[in-house]
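Colleague: Using only what follows, build the 3D model:
(2 chains)
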Amino acid sequence: MLTLTLAPKTALHIVPVGAKLLALMLFGLALGFAPSWPWVLAAVLAVAVLYGAMGLKFAWRGFQLLRPLWPFLLVLALWHGFTDTKLLGLMIAGKLVAMVALANCVTLTSRFDALLSVIERLFTPFKKLGFSPEILALTLALVVRFTPVLLDKAAILRQAWRARSNKRPSWRLILPISLAALDDADHIAMALRARGGFKGQD
Amino acid sequence: MEKTVTLTALFAALIAALGLVPQFALMSGVPITAQSLGIMLCGTILGAKRGALAVLVFLLLLAMGFPLLSGGRGGLGVFQGPSVGFLIGFPVAAYVVGLITSWRLLPLIWAALAGAFFGGIVVLYVFGIWGMALMLEKSFLEAAPLALPFLVGDLIKAGLAALLTRWVALLRPMALLSRR
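Modeller: A predicted model of the protein is given here:
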C-alpha cells in the first residue's frame, strides 16, 4: 500500500518530524487569531511560496490534495456571495486552504518510520498504565498488511459475483468481507500465541 | 490479549477496505461508500471498547499519511479540513453503537439498528456538524444542512449494519463480542 509521502527528497524531508508538527500547530494557532485579511493573505502566500520552493511537481501534488475541499469552498462562495460578506468569506476560505495545505505539506515530506517514532514518544507517558509501544507498532503493521489483503478478497468476491450475475455487485458482499476479517483475526491471534504471544501482558 | 490486538487491527483494515473498494450499488443505485458502515460494524460486532479502539487505530494510520479515507484521502490535511468533526466523532460513534447494541432487552437486530442509528448517525452528525460549523465559521444550525445529503444513505447503512450483524451472529456466534 502506498503512503502519501513523496519519495523524491526535498529540503523539508530532512527537518525533524517533531519540529514540523510543532510548526504546524503554531501556524494553526496564529491563523486562528488572524485579525484582518492581510494576515490571512500573507499566510496563504507563505504556504504557496513553500510549495513553490519545493519544485513544480511537488506543488502540483499539493494542489491535487486540496481538491476534496471544493464543495466546502463552493458553499462558502454561495453563502458569502448572497449575504454580501465576500471579504469575510475569502478570509475563512483562505484560512482553510492554508491550514490544509500546510498539514498536507508535513504529510508529503514525513516518512512513516519517523512519524511512528514520534507516536511512540507521545505514548511513552502511558507506559505505566499498561500501554505497550511494541503492541501498538504490531497493530499498525497488521492493519497496513491486511488492508490490501481484504481489498484483494473483495475484488475476488466481486469477480465471482460478476461471473454469476448480470447485476452489479451489491452491499451483500460486505458480509463475506466482514467474515474474512473475523476469521483472519482468529488465525493471526492463534499464530501469535503459537509463537509465544505477548508474555505477561494482558 | 492477542485476540484483542488482531481484532482491532483487522477491523481497522475492514474500515479502510470498505472505504476503498469501488462503490457498491445501494438500493436504487445511490452511489455511496461503505466506510461509515464499517464504523457501525465495529460497534455492533466488536462492542463499545474494542470497536472504538479499532477506529482509533484507523485514525492513527490516517494521520500518519495513509490514504485510507474514501476517495483515497488521508494525511494530516484531513484533520485540518472541514470534515474533521466526523473523524473525531468516528470513535465516539463506534463506542455508542457498541454500548446500545449490548443492551439485551432488545433482540440483537433491533439493538444493533438502534445503536447504528443513535451512534452512527445522531452522535456522528453532532460531531461532524459541529466541526464544519467551527471550520467554516458558521453557527451549528447554519452548518447542519451540509450533512443532509448523506442522511438517506446513512439511514440505509444503519439498516444494513443491523442486518449484517444479525447474519454475522448466525454464522460466527462466537465472534459477536458486543453481546458477551
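Colleague: starting at the chain centroid, how far to the host helix or strand of B:L163?
Modeller: Secondary structure assignment for B:L163, by DSSP states H and E: helix B:151-171. From the chain centre to the centre of helix B:151-171 is a distance of 12 Å (Cα atoms, centre = their mean, to the nearest Å).
Colleague: Would you mind writing the CA trace of that helix as PDB?
Modeller: What follows is helix B:151-171, C-alpha atoms only, in PDB (Å, rounded to 0.1, in the frame of the first residue of the first chain):
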ATOM      1  CA  LEU B 151     -28.700  11.300   5.700                       C
ATOM      2  CA  VAL B 152     -30.600   9.000   3.300                       C
ATOM      3  CA  GLY B 153     -27.500   6.900   2.600                       C
ATOM      4  CA  ASP B 154     -26.600   6.700   6.300                       C
ATOM      5  CA  LEU B 155     -30.200   5.600   7.200                       C
ATOM      6  CA  ILE B 156     -29.900   2.800   4.700                       C
ATOM      7  CA  LYS B 157     -26.500   1.900   6.100                       C
ATOM      8  CA  ALA B 158     -27.800   1.700   9.600                       C
ATOM      9  CA  GLY B 159     -30.400  -0.800   8.400                       C
ATOM     10  CA  LEU B 160     -27.700  -2.800   6.600                       C
ATOM     11  CA  ALA B 161     -25.400  -2.700   9.700                       C
ATOM     12  CA  ALA B 162     -28.200  -4.300  11.700                       C
ATOM     13  CA  LEU B 163     -28.900  -6.900   9.100                       C
ATOM     14  CA  LEU B 164     -25.200  -7.800   8.600                       C
ATOM     15  CA  THR B 165     -24.700  -8.000  12.400                       C
ATOM     16  CA  ARG B 166     -27.600 -10.500  12.600                       C
ATOM     17  CA  TRP B 167     -26.000 -12.600   9.800                       C
ATOM     18  CA  VAL B 168     -22.600 -12.500  11.500                       C
ATOM     19  CA  ALA B 169     -24.300 -13.600  14.700                       C
ATOM     20  CA  LEU B 170     -25.800 -16.600  12.900                       C
ATOM     21  CA  LEU B 171     -22.600 -17.500  11.000                       C
END
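Colleague: pLDDT below threshold where in chain B?
Modeller: B:22-33 (pLDDT under 70).
Colleague: how about a cut-off of 50?
Modeller: B:27-31 (pLDDT under 50).
Colleague: Go ahead and flag the most central residue of chain B.
Modeller: B:I39 (2.1 Å; Cα atoms, centre = their mean).
Colleague: So it is in contact with B:F90, correct?
Modeller: Yes: counting by Cβ atoms under 8 Å, B:I39 does reach B:F90; the two are 5.4 Å apart. Bear in mind the C-beta positions are built from the backbone N, C-alpha and C, glycine included.
Colleague: Return every residue with contacts to both of those two.
Modeller: Common neighbours of B:I39 and B:F90 (criterion: Cβ atoms under 8 Å, 6 or more residues apart in numbering or on different chains): B:V55, B:L124.
Colleague: and the longest helix anywhere in chain A, does that touch chain B?
Modeller: Assignment by DSSP state H gives helix A:133-164 as the longest helix of chain A. Yes: under the criterion of Cβ under 8 Å from any Cβ of the partner chain, helix A:133-164 makes contact with chain B via A:135, A:138-140, A:142-144, A:146-147, A:149-151, A:154-155, A:158.
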